[in-house]
Structure formats: C-alpha cells, structure tokens
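J.: Pasting the sequence and the predicted coordinates here, then a few questions.
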Amino acid sequence: MQKYSNMRHRELPLSKDSSNLFLKVMISIAVFLFAVTLSGVLSINSMLVNWNASILGSLTVQIIPVNGVDKLKAKNETLVQQEKAVAMLEAMPEVQKVTPLNDGQLERLLKPWLGDDVDLSNLPMPRLIDVKLKKGAEVNFLALAEKLAAVAPQASLDNHKLWLNKLINFANGLKMLALSVLVLVIGVTSGAIFYSTQTSLGLHKDIIEILHLLGAKDTYIAQQYAAKTSVLGFIGGVIGVACAVPTIFVIAHLAQQIEGGIINEARLSWGAWVAILSLPLFSMLVAMQTAYYTVKRTLEKMM
Amino acid sequence: MSKTPIIRMENVCIRYGRGPEILSNVNLSLEKGSFHYLTGKSGAGKTSLLSMMYLAQKPSKGTVSVFGNNVNFANRNALAMFRRRIGVVFQDFRLLEHSSAFDNVALPLRVCGMNEKEIRKRVNELLKWVEIDRSPTAITSTLSGGEKQRVAIARAVINRPDVLLADEPTGNVDNDIAPKLMKLFVELNKLGTTVVIATHNENLIKEFCYPCIHLKNHGVTIINPEDGDEYAEI
C-alpha cells in the first residue's frame, strides 16, 4: 500500500518560483542592515540612559585658582577653599560621596591637552571635586551654588547638564535617523515581497483558478503563500543575522579605540542581543503577513 | 409537490466583451435530483452555460440562483462554499499537472479541511473504482488522456456533490469504460445528485435516456425522451 505523508499539502508549486532566490538574498541584506542599525539604535539608547543617569547622579565643583604673585600662597588659598567646600558638601544629606581630585588625577585629565612635557606645578591649577548624589536625591542647584559661594567664593558648580544636553540631543537625532532607516528597510522588503508575490500569482493563475473552482477560499491559497514566504523570510533572516553579528563586533571593537569614554558608554545589553538574534523570527513574521495580505487583496479582485 | 430548483436561471444573457450574445434570455430551472444532458452544436454556448452553473462567471444580464441563493449578490466565501457542493468535470480536465493522480482526486477534500486518514481511504477506494489504482502516485502529466479523464471524474465526485456538471466526460475514454462512468453518474443521481452532462455522444444519449437541455439560436429548449422524433434527432 502506498504511503502518503501527513504533512500539509501545497498544491501551488511555489518552491520552484524563480523569485525565491531574489527574495532570500533581498531579505538577508535587509535583515543585515536592520540588525546593524538596530544595534546602533540600542547602543545609542544605552548611552543616553548612562548619560541621563550621570546627569541625575553627579555634579562637579570647580575651585578656580586664586590669583596672586605668591604662587604658593595662592595655591594654599585654593586648597583651603576646596576643604571648606568638601566639608560643606559632606554635611549635605543628599550627597552620597565627595571626592576631591588629587594632583595626580588632575594631571592625568590635563595631559591629553597639554602633553607630557609641561610642568603642571608652575600653572595655576583649578581644583575639582566629584560629588556623587544619593539615588533619587533632588538638589536645588541654585541654592547649592549660593551656599558654596558663601564658604568658597572661588567655587563654581557644574551639573553637566548644559554640555550633556547637547550630546543627548545629537544622540537622539541619530537615534531617530536610525529608526527611519529601520522603517525604510521594512518598507523596501515588504515592497519586494509584495511584487514578487503578485508575479507568482500571475504565474500560477491557472492553478489558482482550479483551486477556486473546487471551492478553495482565498485564505487557503493565501496560507500556502504565507507558509512558503515565511520560510524564505526565516532563512534570509538567519543569513542576515549571521553576517551582522561579526560586523557589530567589529564596529564595537573600533568604537572602543576612541578615547574619551563617550562611546564606551554604548554597550549592548543581553536584552539587545536577544532582540538582534530574534530578528529571523521578525523577518519571518513580516514576510508571512505581507505575502498573506498581498494574496488576499489580489484575489479579491478576481471573481 | 414541486421539487426545489437547485439551479435557476432567469432571463440570463451572456456575452464576452462587446461581442454578440452567446446566450439570450435563458430561463432554466433544474430540480434537485434531476438528470439532464446538455446538447447543441459547437459554439452554441454549452461551456458558457455550464461555467455559469459552476460559478466561474456571472451572467451579463439576468439572475442565476444556486441552492436558492442569487449568486450575483453572493460574497467570495459564500461562492466558495457553493462550489464545494458542485462537482465539475472539465472538457480540458484542468488537473494539476505537477501533482499525482492521488493528490488531484484528494484536492476537493483537502480544500474542505478533511483529515488525511479519511482522505486516503476515500481516494484509494475511488481510484480503484476508476482503475487508476496502479499508478496513484504517478505525476498527472505522465498519464494518458483517458486516465486523466478518469482522474478528473474521480475528483468531481469524491466529495459526493449535490450537483455534478460534466463537459464531455466520456470524450477521451475507451468504449468499454464510457458506460461504466455513465453508470457512476446514474448511481450518483439515484443518491440525489443533480447531474448535467454536456455531450455530443449520441450513443450515450440513446442508451441512457434522460431529458436534454438543447441549445439552439442562443436559447434553450428542454427535450424529453418521450418527445420521440425530436429526441432522436438531437
């Protein structure tokens, strides 16, 4: 007795369509671009979260060096003001930690700009105090600046907002640009699937007519297209992600070469990696839905 | 008590594009469980009339009702459900050439969502009856004309349709198998299936006497076997 498989039968010979290879390559490229762009969006996002946290959680107090002919006296005067400022800040309940930067740390900060050969001891050096605030602490910066001025007239307060806001706006702009690229990639891929499905419907017109005459509903035909295209979407997605992952690592490696710590803030979380690795499922879903509704809409125009 | 008309045509006209009318003001009512031949010269409109019956096209004018529903106003899903109740043997078979005989015959059942176990049972039984059982997995394009016609007939009757429409169903089969197939149609008719067979085969009409829907001058006339000479002249 002849055995027949129990698998779902597909009357339309879609696996022989010449557009299959085109769609697979198209989806692979689209998913590659999508994955790389998505990793960029997620990196920017993590960078923004870190920057926002730094705005909310810290501030810097700068003691501008006291001017005077006697450099030693001026330096001591600056240090006295620093100590007063530290004592005042440590007394505040909102403050978690106060760290005055020592000479070595100040030198390391200035070296990239002044070079190794400059003797910093001869320069009027500002003193910096790094202040970490308690989680959720709300500080009235205006009042704090006034209090600081009272104990240390040379002190100025920097809560990083001004320069960091500019960076955040720039990063947000980049993020929107990347998101538009993602929408564009989905649009172009869906368009390619739409036209390729329409071409295939034209090629298999006779078989579709037979199926209709035997009582097949449009959904029966649409499901066959959806099933075939979803497989192409998944395979294309896997190829795209497989190419994208090493590319993301290369970009991340290159980004780490940049000094300054700004780019280093951009790290992909586990959640981001899960999102990137699940892109084949996403591409499968997009391909399936596009093919399904293309077939349904096209067939509705027939009797 | 009058029987329910299963297919009714009222003032039906059909034309293709801006061409002349193939059929004009056709009024026809086929009752449930009736058996008719559809006769007429080539080009008289037999295939056009049949295609309206199996809902492949709508009339240019007039009303076609199937199972008591006006198909002019039926939506796509409703049309699909009506078509499932109509078995059709096409003149050119319209088989899926890339599929096996088994898959072609199983198609109407799969479209209805029947389970594979039941499909296997029914299809194997019917393929045996139409003598295709030795090559059920053979790709249809490799079958002979007669075998294809038997597969087409098996596909039309597999889901025990309410209406069976056949366009020259015995045109390509051997003389010994033609009466066997006709007996199948007769048996289905006895079980309540409404049958319409378009044919030129005079021997068949004389051997199995049933009324004829005769197409002439763009209209239809019903000729019964009791009409004697007129029936004999078809």
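T.: In hand now; what should we look at?
J.: Quick check: phi and psi at the nearest residue in space to residue A:90 that is not next to it in sequence.
T.: Closest residue in space to residue A:90, ignoring its immediate chain neighbours: residue A:98 at 5.1 Å, by Cβ to Cβ, 6 or more residues apart in numbering or on different chains. C-beta here means a position set from N, CA and C on the backbone, and glycine is covered the same way. Phi and psi for residue A:98, reported as degrees, to the nearest 10, are phi -120, psi 120.
J.: gap between the most centrally placed residue in chain A and residue A:252?
T.: For chain A, residue A:42 is the residue whose C-alpha lies nearest the centre (Cα atoms, centre = their mean; 2.0 Å). Separation of residue A:42 from residue A:252 (Cβ to Cβ, to the nearest Å) stands at 12 Å.
J.: One more: residue A:244?
T.: Separation of residue A:244 from residue A:252 (Cβ to Cβ): 12 Å.
J.: who has more neighbours, the two?
T.: Taking neighbours as other Cβ atoms under 10 Å in any protein chain shown, residue A:244 and residue A:252 compare with residue A:244 leading, 23 against 15.
J.: Assign that one to helix, strand or coil.
T.: Classification of residue A:244 by DSSP: H, G, I helix; E, B strand; the rest coil places it in helix.
J.: contacting residues for it?
T.: Going by Cβ atoms under 8 Å, 6 or more residues apart in numbering or on different chains, residue A:244 touches A:31-32, A:35-36, A:39, A:276.
J.: Leaving out sequence neighbours, find the closest residue to it.
T.: Nearest to residue A:244 is residue A:35, by Cβ to Cβ, 6+ apart, at 3.4 Å.
J.: Isn't residue B:106 up against residue B:154?
T.: No: using Cβ atoms under 8 Å, residue B:106 is not in contact with residue B:154, being 9.8 Å away.
J.: and residue A:62, how many neighbours?
T.: Neighbour tally, residue A:62, other Cβ under 10 Å: 16.
J.: same deal with the one 5 residues further on?
T.: By the measure other Cβ under 10 Å, the count of residues near residue A:67 is 11.
J.: ok, it - contacts?
T.: Residue A:67 neighbours (Cβ under 8 Å, 6+ apart): A:74, A:124.
J.: part of a strand, is it?
T.: No: remark: residue A:67 does not belong to a strand; assigned using three-state DSSP, it is coil.
J.: quick one: it from residue A:86, how far?
T.: Distance of residue A:67 to residue A:86, given as Cβ to Cβ: 22 Å.
J.: Does the helix or strand of chain A with the lowest mean pLDDT pack against any helices or strands, and if so which?
T.: Least confident helix or strand, chain A: helix A:103-114 with a mean of 78, by mean pLDDT, DSSP states H and E. The contact analysis (3 or more Cβ pairs under 8 Å, 6 or more residues apart in numbering or on different chains; DSSP states H and E) places helix A:103-114 against strand A:127-133.
J.: three-state assignment of residue B:9?
T.: strand.
J.: same deal with residue B:164?
T.: From three-state DSSP, the assignment for residue B:164 is strand.
J.: which residues touch it?
T.: Here residue B:164 is in contact with B:86-89, B:156-157, B:185, B:188-189, B:193-196 (criterion: Cβ under 8 Å, 6+ apart).
J.: go with 10 Å
T.: When contacts are counted by Cβ atoms under 10 Å, 6 or more residues apart in numbering or on different chains, residue B:164 is found next to B:35, B:86-89, B:153, B:156-157, B:184-185, B:188-189, B:193-197.
J.: So which residue is dead centre in chain B?
T.: residue B:165 (1.2 Å).
J.: Relative to chain A, how far out is that residue?
T.: 11 Å (Cβ to the nearest Cβ, to the nearest Å).
J.: Name whatever forms a beta bridge with that residue.
T.: residue B:88, residue B:196 (DSSP bridges).
J.: Now that it has come up, it's in contact with residue B:91, right?
T.: No: shown here, residue B:165 and residue B:91 do not form a contact pair, counting by Cβ atoms under 10 Å, at 11.0 Å.
J.: Low-confidence ranges, the stretch 151-300 of chain A, go.
T.: Of all residues in the stretch 151-300 of chain A, those with pLDDT under 70 make up the ranges A:159, A:161-162, A:258-266.
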